[in-house]
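In: Got a predicted structure here, sequence first:
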Amino acid sequence: MNNYSNILFPEIINEAFPILDDASYIRQLASLVPLCPDTTFHLFSHKGQYLALVMTDYPDPFYQSEELKQISGEYKFEFIHIIKPYANNQSIEIRPNEDMDDSFFVSDPKSYYRYYLAAVRQNSR
């Protein structure tokens with residue numbers, strides 16, 4: 001991971017999402033919520049594709065795609081699909097949370113956070 005930030009990601013990130021090993025870190029985005037946001041987005045670039053590593057206490061890709069679009073300002077990033085953990089060449093369609101199983105995220109064994117990786121596009125509308 002070409003990590004130009006001072007963020008140290010948990011080891012489980014490298015294990016679950018090896019595609020990030022060759023990715024370049026762009027920046028972190030989070031909602032302006034007092035004290036502690038419940039979701040943080042880390043944007044990467046990999047071979048011309050944007051990726052968002054989502055760190056959250058409650059994974060809900062349908063809602064979090066909209067949240068990312070709102071907080072990314074003029075770029076209006078939104079999810080295309082989820083990248084399946086441990087099988088980074090497979091994608092998972094984004095559906096309402098009640099229609100998704102737990103295979104799209106990994107849990108951090110040392111905290112309450114859950115992580116998933118989404119392919120992202122810049123919406124020009």
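Out: Received the coordinates, thanks. Numbering: from 1, shown residues only.
In: Roughly how far does Phe104 sit from Ala30?
Out: Applying C-beta to C-beta, to the nearest Å, the value for Phe104 to Ala30 is 21 Å. In short, each C-beta sits where N, CA and C put it, glycine included.
In: Neighbour count for these two, which is higher?
Out: Taking neighbours as other C-beta atoms under 10 Å, Phe104 and Ala30 compare with Phe104 leading, 22 against 15.
In: Wait, the more buried one touches Glu93, no?
Out: No: between Phe104 and Glu93 there is no contact under C-beta atoms under 8 Å: 9.7 Å.
In: intersection of neighbour lists for those two?
Out: Ile82 (C-beta atoms under 8 Å, 6 or more residues apart in numbering).
In: How far does the lengthiest helix in the chain sit from its chain's centre?
Out: In the chain, assigned by DSSP state H, the helix with the most residues is helix 61-71. In this view, helix 61-71 has its centroid 11 Å away from the chain centroid, taken as C-alpha atoms, centre = their mean, to the nearest Å.
In: Pull out the buried residues from it.
Out: Counting neighbours by 16 or more other C-beta atoms under 10 Å, one finds that the buried residues in helix 61-71 are Pro61, Gln64, Ser65, Glu67, Leu68, Lys69, Ile71.
In: Then stretch 45-65?
Out: For stretch 45-65, using 16+ other C-beta under 10 Å, the buried residues are 46, 50-56, 59-61, 64-65.
In: Identify the residues contacting the host helix or strand of Tyr116?
Out: Per DSSP states H and E, Tyr116 falls inside strand 114-122. Residues outside strand 114-122 that contact it (C-beta under 8 Å, 6+ apart) are 10, 12-13, 16-17, 19-20, 43, 49-59, 61, 65, 68, 75-83, 85, 88, 91, 94, 104-108.
In: So which residues of the protein form helices?
Out: Using DSSP H, helices in the chain cover 11-16, 61-71.
In: Dump the ones you listed to CSV, plus distance to Gln122 and mean pLDDT.
Out: As requested, the helices of the chain are arranged in CSV below (distance: least, C-beta to C-beta, whole Å; pLDDT from 0 to 100):
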stretch, distance to Gln122, mean pLDDT
helix 11-16, 24, 93
helix 61-71, 10, 91
